[in-house]
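# Need coordinates for the below:
(one chain, ligands or ions: 1)
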Amino acid sequence: MAKATKEQANYRRGTPHKHCGLCTMFRPPHSCTAVEGEINPTDLCDYFKRAFSRSERWYGSKKD
Ligand code: SF4
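You can find the predicted model right below:
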């Protein structure tokens with residue numbers, strides 16, 4: 001499957017609790033399996049999917 005462009009994914013700056021570095025699709029140091037181009041771990045897009053972690057319990061049920 002082809003990757004989406006940053007425009008299609010609505011790629012933008014991330015937030016402290018939501019960013020590429022926490023996403024299951026992020027591939028260090030600067031790529032992503034879903035979005036093409038150079039990906040910054042502190043940015044974010046609409047395909048964000050949080051990797052499981054201890055903080056999931058506290059933040060997982062919130063809207064954002
Ligand atoms: S938030 Fe989007 S751009 Fe960032 S790693 Fe996840 S899928 Fe890729």
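# going forward, measure contacts and count neighbours with C-alpha atoms only.
Will do.
# Can stretch 44-55 be said to contact the ligand?
Yes. For stretch 44-55, a contact with the ligand is found by Cα under 6 Å from any ligand atom, at 44-45, 47-48.
# who wins for most neighbours among these?
The most neighbours of any of those, using other Cα atoms under 10 Å, belong to residue 44, which has 23 neighbours.
# isn't that residue right up against residue 20?
Yes. Contact criterion Cα atoms under 8 Å: residue 44 and residue 20 qualify, at 5.4 Å.
# just to revisit the earlier point, biggest separation within the residues of stretch 44-55 next to the ligand, which pair?
44 and 47 (8.3 Å; Cα to Cα).
# In contact with the residue positioned nearest the centre of the chain: list those residues for me.
With distances taken as Cα atoms, centre = their mean, the chain has residue 20 as the residue nearest its mean C-alpha position (3.2 Å). Contact analysis of residue 20 by Cα atoms under 8 Å, 6 or more residues apart in numbering lists 14, 26, 39-45, 48.
# Just put these in CSV and tack on secondary structure and pLDDT.
Formatted as CSV, the entries for these read as follows, by DSSP: H, G, I helix; E, B strand; the rest coil; pLDDT from 0 to 100:
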residue, secondary structure, pLDDT
14, coil, 97
26, strand, 96
39, coil, 98
40, coil, 98
41, coil, 97
42, coil, 97
43, strand, 98
44, strand, 98
45, coil, 98
48, coil, 97
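# Buried by neighbour count, from these: which ones?
14, 26, 39-45, 48 (16 or more other Cα atoms under 10 Å).
# Out of the residues you listed, flag the one nearest to residue 6.
residue 45 (7.8 Å).
# The closest one contacts residue 9, correct?
Yes. At 5.5 Å, residue 45 and residue 9 qualify as touching, with contact defined as Cα under 8 Å.
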